[in-house]
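*Asks:* build me a model from this:
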Amino acid sequence: MSANKIKVLHLVQGLGVGGTEKVMQLLAIHTDPARHAVAVHSPADGPRARLLREAGVQTFVGGDLGGVLGRFAPDVIHMHRAGWAEPERMRAIRLYKQGALQAGRAVAVVETNVFGRHDASPGAQAMDATLFVSRFCADRYAQVHGIRTDAPRYHVVYNPVDTDFFAAHALSPDQREYARPVCGRVSRPDPGKWSALALEFLPPVVHELPGFRYRVIGMTEDARKFVREHGLTAQVEDVPPVLSDAELAAFFDTVSLLAHANDTGESFGMVIAEAMACGLPVVTHPAEGLRDNAQLELVEHGATGLVATTAEEYAQAVLYLLAHPDEARRMGQAGREKAVRLFRVQTVTQQVEGIYTDLLARCGRQS
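*Replies:* Next comes the predicted model:
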């Protein structure tokens, strides 16, 4: 390993199928190996560990974080976290950073702050940069806490999407049959990821379009109960979870649009961005108050999808897109272009690499 390579250690709380873990995986895999040596630490194992290892990324699962920091000796520690205080992890990071500084080594600590939360704990003082995953999160942070979100301390860095892969492996907008009466939904099987809109739009749509089908990844027990009680078992398909982008692209190829609904909103909206990369228009809704609303940053009403506020509006939006395939294709193409422009993993990774380099230079590292 070249002594001049920047050693980056990504920290996550698990290696499961969630969006936070996927963002970490994409950054770790796509960081330039000629200039960086990358590793990942997680206290818990999960399916993404195998994908990381297959891509040649060193993984540390379990064990004491302080010990991992000592063995890998990173120049950059990149935390992927919700944003609230984590005294145990921050203590290990602060001790490591203090030791490195005493030895004359520059160390930068970066967080991807998934939900745009403010950590006012003493441990947060070790943080050199905060990356917000949407402009919405940065603006809300500034509004609520009265803290300017300016560089070099703060940055907006959209979550990465492998748009090149989706362009190569998913149907293009020209190939899609947008009039096919099938829509899809993707989430974890977590009630907190659902809105009543995700189910209440179904009866009026099925009434108008009896051949309609709803393919759902991440069905909850409450959702299954709703489907049974409303006699919709023939229209709703409970689809097993997917892990890889190849599986996700194959799923998106079976639907004409993405139905997104989550009462807590999205701080970014990974599935929305991936659907856009595959050329699908998206139907979504606003969240109330100061809840996450970055879904409206991704889905521009009438441009990359439609925004509805009630179950009736939601149903009408779905029916409109299915009845107007040329409009759906236009929105799908616009969404695909937006995803490439803003979320392409190579572009996002280069932005993050530039932040690493700038922070280390400010800490005194000579490149």
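*Asks:* excluding its backbone neighbours, what's nearest the most centrally placed residue in the chain?
*Replies:* For the chain, the residue nearest the mean C-alpha position is Met270 (3.6 Å; CA atoms, centre = their mean). Leaving aside its chain neighbours, Met270 sits nearest to Gly19 (3.9 Å; criterion: CB to CB, 6 or more residues apart in numbering). Every residue, glycine included, has its C-beta placed from N, CA and C.
*Asks:* was I right to think that neighbour contacts Asn159?
*Replies:* Yes: using CB atoms under 8 Å, Gly19 is in contact with Asn159, at 7.2 Å.
*Asks:* can you tell me how far the residue nearest to the centre of the chain is from Asp45?
*Replies:* In this view, Met270 and Asp45 are 22 Å apart by CB to CB, to the nearest Å.
*Asks:* spit out the residues that contact Gly19 and Asn159 alike.
*Replies:* Residues touching both Gly19 and Asn159 (CB atoms under 8 Å, 6 or more residues apart in numbering) are Phe268, Met270.
*Asks:* what residues are up against the residue nearest to the centre of the chain?
*Replies:* Contacts of Met270 by CB under 8 Å, 6+ apart are Gly19, Lys22, Val23, Asn159, Val161.
*Asks:* pLDDT wise, what is the residue lying closest to Arg91 once chain neighbours are set aside at?
*Replies:* Closest residue to Arg91 apart from its sequence neighbours, by CB to CB, 6+ apart: Gly123 at 6.4 Å. Per-residue pLDDT puts Gly123 at 89.
*Asks:* got it, and Cys363?
*Replies:* On pLDDT, Cys363 comes in at 81.
*Asks:* I'd say it and Ala129 touch.
*Replies:* No: here Cys363 does not reach Ala129: they are 11.0 Å apart, not a contact under CB under 8 Å.
*Asks:* the two: which is more packed in?
*Replies:* Ala129 (24 against 17; other CB atoms under 10 Å).
*Asks:* OK, contacts around the more buried one?
*Replies:* Ala108, Val109, Val110, Glu111, Pro152, Arg153, Tyr154, His155, Ile355, Leu359.
*Asks:* quick check: phi and psi on it?
*Replies:* phi -150, psi 140 (degrees, to the nearest 10).
*Asks:* with the one 3 residues further on instead?
*Replies:* Torsion angles at Phe132 (phi, psi; degrees, to the nearest 10) stand at phi -90, psi 140.
*Asks:* what number of residues lie near it?
*Replies:* Phe132 has 28 neighbouring residues, counting by other CB under 10 Å.
*Asks:* list the contacts of the nearest residue to it once chain neighbours are set aside.
*Replies:* Closest residue to Phe132 apart from its sequence neighbours, by CB to CB, 6+ apart: Ala138 at 4.1 Å. By CB under 8 Å, 6+ apart, Ala138 lies in contact with Gly116, Phe132, Thr149, Tyr154, Val156.
*Asks:* what about 10 Å?
*Replies:* Contact analysis of Ala138 by CB atoms under 10 Å, 6 or more residues apart in numbering lists Asn113, Gly116, Thr130, Leu131, Phe132, Arg148, Thr149, Asp150, Tyr154, His155, Val156.
*Asks:* can you count the residues close to the last one?
*Replies:* Spelled out, it's Val156. Neighbours of Val156 under the rule other CB under 10 Å: 16.
*Asks:* does Pro74 touch Phe60 like I think?
*Replies:* No: checked against CB atoms under 10 Å, the pair Pro74 and Phe60 is beyond contact range at 11.0 Å.
*Asks:* so what sits against both of the two?
*Replies:* Both Pro74 and Phe60 are contacted by Leu9, Leu11, Ala39, His41, Val68, under the criterion CB under 10 Å, 6+ apart.
*Asks:* count of residues packed around Ile147?
*Replies:* Close neighbours of Ile147, defined as other CB under 10 Å, add up to 13.
*Asks:* what's the nearest residue to it if we skip its chain neighbours?
*Replies:* Of all residues not flanking Ile147 in the chain, Tyr141 sits nearest, at 6.5 Å (CB to CB, 6+ apart).
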